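Quick one, fold the following:
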Amino acid sequence: MGANTMLERGRRAARVTAFALIAGIGPAPALALEDMVEIPAGSFTMGSDAGPADERPAHRYTLPTYRIDRFPVTNLEFALFLNAVGPFNANGERLFDVDDPDARIHRVGAKWTADRGYDRHPVVEVSWAGARDYCVWRGKRLPTEAQWEMAGRGTDGRRFPWGNALPDRSRAQFAARFNETAPVDGFAAGASPFGVLGMAGNAWEWVSSAYRPYPYDATDGREHPATGPVRGTRGGGHDSPAHELTTTQRGRHLSRNPASGHHNIGFRCAG
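Prediction:
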């Protein structure tokens with residue numbers, strides 16, 4: 001690992017820790033649901049010269065070893081966070097759209113609870129701040145856009161997590177009805193080269209990176225954890241057409257106000 005990479009990782013960790021303290025987020029208890037995949041250090045091609053304009057130019061990028069959640073965060077897991085923290089943080093930022101009819105977590109008595117039958121579905125209606133704060137609560141962080149793409153694409157430049165074959169319903173949830181998500185562990189055939197699941201379809205995923213032009217540069221300010229700029233989203237959703245499920249898709253036309261949740265945007269954490 002180069003000195004510059006180590007320095008940037010240290011700065012990023014310090015920024016995340018500082019924001020955790022400001023937001024008043026304490027550590028989470030250990031969860032039996034936790035399952036992370038280690039992504040080995042290496043270089044890969046990020047972006048595509050054959051896709052939409054925001055995927056260009058294709059460029060080589062090198063990452064140190066890191067870990068990423070095998071599955072997207074579920075309604076069950078996020079309900080635990082809401083019970084510990086609540087739907088707003090200490091800065092008054094909305095973490096979850098509790099009043100949106102598309103949400104699959106509701107308050108039952110004094111407890112936030114995943115709707116029946118939706119425990120293992122990807123959580124949606126989480127703002128970018130909510131995704132950031134949840135990951136901090138878990139002792140993790142949101143993946144950068146580069147980390148997300150490496151975990152989903154591998155080093156061979158594949159178009160989809162599983163390879164170059166077009167999507168089908170054994171690999172991903174896509175072209176479905178509005179709010180028709182599926183369990184996160186239901187598409188084993190859609191695994192990435194590293195065994196990461198759910199990286200195509202079902203729910204788009206927030207990343208830490210501000211949505212800025214390529215080439216990707218982790219040192220240009222796009223990784224600052226303060227709320228404000230529009231953030232990247234990756235992977236496609238349950239209501240996406242097949243062409244939005246590629247490993248390079250950045251959600252160019254996706255509605256994604258970072259201060260609010262959305263019916264088709266979830267997330268996973270990295271470490």
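
Flag every buried residue along stretch 65-85.
Within stretch 65-85, the residues that count as buried by 16 or more other C-beta atoms under 10 Å are 66-82, 85. C-beta coordinates here come from the backbone N, C-alpha and C atoms, glycine included.

and what of stretch 159-176?
Buried, per 16+ other C-beta under 10 Å, within stretch 159-176: 159-162, 167, 171-176.

and the residues you listed as TSV, adding pLDDT?
As requested, the buried residues of stretch 159-176 are exported to TSV (pLDDT from 0 to 100):
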residue	pLDDT
159	98
160	98
161	98
162	98
167	98
171	98
172	98
173	98
174	98
175	98
176	97
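
and of those, the nearest to residue 59?
Among these, residue 159 lies closest to residue 59 (C-beta to C-beta), at 17.1 Å.

My read is that the closest one contacts residue 249, right?
No - the pair residue 159 / residue 249 is not scored as a contact, 10.0 Å apart, by C-beta atoms under 8 Å.

quick one: which of the buried residues of stretch 159-176 is nearest to residue 100?
The closest of these to residue 100 turns out to be residue 176 (C-beta to C-beta; 18.8 Å).

Contacts only, for the closest one.
Going by C-beta atoms under 8 Å, 6 or more residues apart in numbering, residue 176 touches 182, 238-239.

Who wins on neighbours among those?
Highest neighbour count within those, by other C-beta atoms under 10 Å: residue 238, with 24 neighbours.

Need the pLDDT of that residue.
pLDDT recorded at residue 238 is 98.

on that earlier part again, select from the buried residues of stretch 65-85 every entry located in strands.
Among the buried residues of stretch 65-85, the ones falling in strands (DSSP state E) are 66-69.

Could I get those in TSV, plus columns for distance to residue 229 and pLDDT?
Converted to TSV, those look like this (distance: C-beta to C-beta, whole Å; pLDDT from 0 to 100):
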residue	distance to residue 229	pLDDT
66	23	98
67	26	98
68	22	98
69	24	98
